[in-house]
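Enquirer: Generate coordinates for the sequence data below:
(chains A, B, C and D)
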Number of protein chains: 2
Amino acid sequence: MPANRRPVDREAKREEIVRAAAAQFLEVGFDETSMARLSAAAGVTTNTVYWYFEDKDALLVAVLDQLLADALLQREQVADRPWTEQVLWAVDRLERMRRLVAVVHARAATSPAVGAWHERFHALADDLLADGFRDAGAAEEDLAARTRVGVFVLEGLLTHPQPEQERRAVVELLTAGLHR
Amino acid sequence: MPANRRPVDREAKREEIVRAAAAQFLEVGFDETSMARLSAAAGVTTNTVYWYFEDKDALLVAVLDQLLADALLQREQVADRPWTEQVLWAVDRLERMRRLVAVVHARAATSPAVGAWHERFHALADDLLADGFRDAGAAEEDLAARTRVGVFVLEGLLTHPQPEQERRAVVELLTAGLHR
DNA sequence: GGCGCTCTTGAACGTCATGCAAGAGAAGGT
DNA sequence: ACCTTCTCTTGCATGACGTTCAAGAGCGCC
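Expert: Numbering: from 1, shown residues only, chains lettered A, B, ... in the order given. The predicted model follows:
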C-alpha cells in the first residue's frame, strides 16, 4: 500500500502522454516518431515516458486501447442503422488509424504485448461482426467464414484506401442476400 | 560505356546477396535482421551490400521481386486446377512470405521504392484474380468488387494464419455460386 | 606501364531505444 | 521539526543500428 501519493496527476499525466503519442503515431508514424520527439510533444523528458511505460511497444498498446475505446463509444450512436451502413461507418471511422494497422501486424510478431493486443482486437472484431451478420440474417452455418471474410475485408479497406463508391460496392457484396 | 568489366560476377553476386537477405528476412524478420548480420550471412561486409543496393528498402524490394517471380513461375503448374484450388494453393505457397506482408505495408508509407512495389503487386494480383473469377463464371458487373474482396481475403489469410479447414471454408464462400 | 573503372574494405557518424544513478519534492511517522 | 520513504524527474551514458566517406585492390584497355 502506498505510503505516499502525488495530488492526483498519476492517471492524468499518463493519459496526457498517451494523447500526445497517439497524435504523433497517427500523423507521423510509429517508426518515424522517436521517443525524444514524442516526449517533447508531451512536454516531458524521455525518461519520464519510461517511468509510465515499459517501452515503446507498451506505449503503442496504450494508444491502441485508447483509440479503440473511443471508437467503441462512438459506435453506440449508429447501432440502429442497417448493417451495411454500420460497416461502412466503421471503415470510415477507423481509417484515421490506417497507419497503425500495419504497425500492429509488424510488431505483433516481435513484441508479446502488441501480439496480445492484436489477438484481443480480433476476438472483439469477430464477436461484433458475427453478431451483426447474425442480426442481418446470415445463415448460421457459414457465419464463421463470413465473419472472417468480413474482418479481412475491413482490414483491407483500412490499409488500402478506396474511393467511396468502390468501398460501398465491396461491403454490399459482403452483405448480399441478407434481409437487412 | 564501361571501359572495364569483372569476369562474370556482377549479376551473380547481387543475386547471392538477395538470396541471403531473403532467407534472413523470412526466418528472422526484416526489422530484426541488421545489415551487419545480413552481410555476414552473405559472406561480405556491410559496405559491399551498399555497393549493390541503395539502402535496406531497395534490398527488400529486390527480395520481394525474386520471391514473387518464383511464385509466379510455380503457378503455371497449377493453372489448370479448379479456381478454388488455385486460390488455396496460392495461400499455401505465399504463407512463407507472411512476415513480409506486414513489413511491406509498414514501409510502403515511408519508402517510395517499397510503395511503388506495393502498387505494382496489387495491380498484378488484381489482374490475376479478375481473370480467375471471370473464367470461373463470375458476373461481369460485380467482378471488380469480388476481385478486391479476393485480394483482401488473400492478404488476410496470409497475415492471420488459419487452420486448413477454416481456410477452405473462407475461400469457398468467396467462390460460392460460380460454376467452376 | 599507367589510366580508369568496378568493387571492397576500415573506420566513422548521427540517431535511436533504453538503462543507470542521482536527485527533487511531498507525505507520514516520530 | 526532522528524517525516512515513496513517487516522480532528470542528466548522462551505452550499445545497436542504418548509412557514409575516404582509401585502397584488382582487372581491362590505351
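Enquirer: In three-state terms, label the residue in chain A that DNA strand D sits nearest to for me.
Expert: Distances between chain A and DNA strand D by Cβ to the nearest atom of the strand are smallest at residue A:47, namely 2.7 Å. C-beta coordinates here come from the backbone N, C-alpha and C atoms, glycine included. When classified by DSSP: H, G, I helix; E, B strand; the rest coil, residue A:47 comes out as helix.
Enquirer: How about residue A:44?
Expert: Applying three-state DSSP: residue A:44 is coil.
Enquirer: pLDDT score for residue A:84?
Expert: With respect to pLDDT, residue A:84 has a value of 93.
Enquirer: Give me the below-cutoff pLDDT ranges for chain A.
Expert: Chain A contains residues with pLDDT under 70 at A:1-8, A:179-180.
Enquirer: Repeat the analysis, applying 80 as the threshold.
Expert: A:1-10, A:177-180 (pLDDT under 80).
Enquirer: What are the buried residues along the helix of greatest length in it?
Expert: The single longest helix within chain A, with elements called by DSSP state H, is helix A:112-135. Using 16 or more other Cβ atoms under 10 Å in any protein chain shown as the test for burial, helix A:112-135 gives A:113-114, A:117-118, A:121, A:125, A:128-130, A:132-133.
Enquirer: for stretch A:91-109, same thing?
Expert: For stretch A:91-109, by 16+ other Cβ under 10 Å, it's A:91, A:94, A:97-109.
Enquirer: which one is the residue nearest in space to the middle of chain A nearest to, not counting chain neighbours?
Expert: With distances taken as Cα atoms, centre = their mean, residue A:68 lies nearest the centre of chain A, 4.5 Å away. In space, and not counting its chain neighbours, residue A:68 is closest to residue A:121: 7.0 Å by Cβ to Cβ, 6 or more residues apart in numbering or on different chains.
Enquirer: ditto for residue A:29
Expert: Spatial nearest neighbour of residue A:29, excluding adjacent residues (Cβ to Cβ, 6+ apart): residue A:99 at 5.6 Å.
Enquirer: And residue A:44, by the same measure?
Expert: The spatial neighbour of residue A:44 that comes closest, neighbours along the chain excluded (Cβ to Cβ, 6+ apart), is residue A:17 at 7.0 Å.
Enquirer: surely that neighbour meets residue A:49?
Expert: Yes - taking contacts as Cβ atoms under 8 Å, residue A:17 lies within contact range of residue A:49: 6.0 Å.
Enquirer: Just want to know which of these two has more residues nearby.
Expert: residue A:17 (24 against 21; other Cβ atoms under 10 Å in any protein chain shown).
Enquirer: What's the separation between that one and residue A:85?
Expert: 36 Å (Cβ to Cβ, to the nearest Å).
Enquirer: what's the answer for residue A:75, then?
Expert: Residue A:75 sits 12 Å away from residue A:85, going by Cβ to Cβ.
Enquirer: Please apply the same query to residue A:114.
Expert: Taken as Cβ to Cβ, the span from residue A:114 to residue A:85 is 31 Å.
Enquirer: same question, residue A:177
Expert: Distance of residue A:177 to residue A:85, computed by Cβ to Cβ: 17 Å.
Enquirer: More neighbours: those two, which one.
Expert: Neighbour comparison, residue A:177 and residue A:85: the larger count goes to residue A:85, with 14 against 11 (by other Cβ under 10 Å).
Enquirer: from what I can see that one touches residue A:92, true?
Expert: No - if you go by Cβ under 8 Å, residue A:85 and residue A:92 don't touch, sitting 10.3 Å apart.
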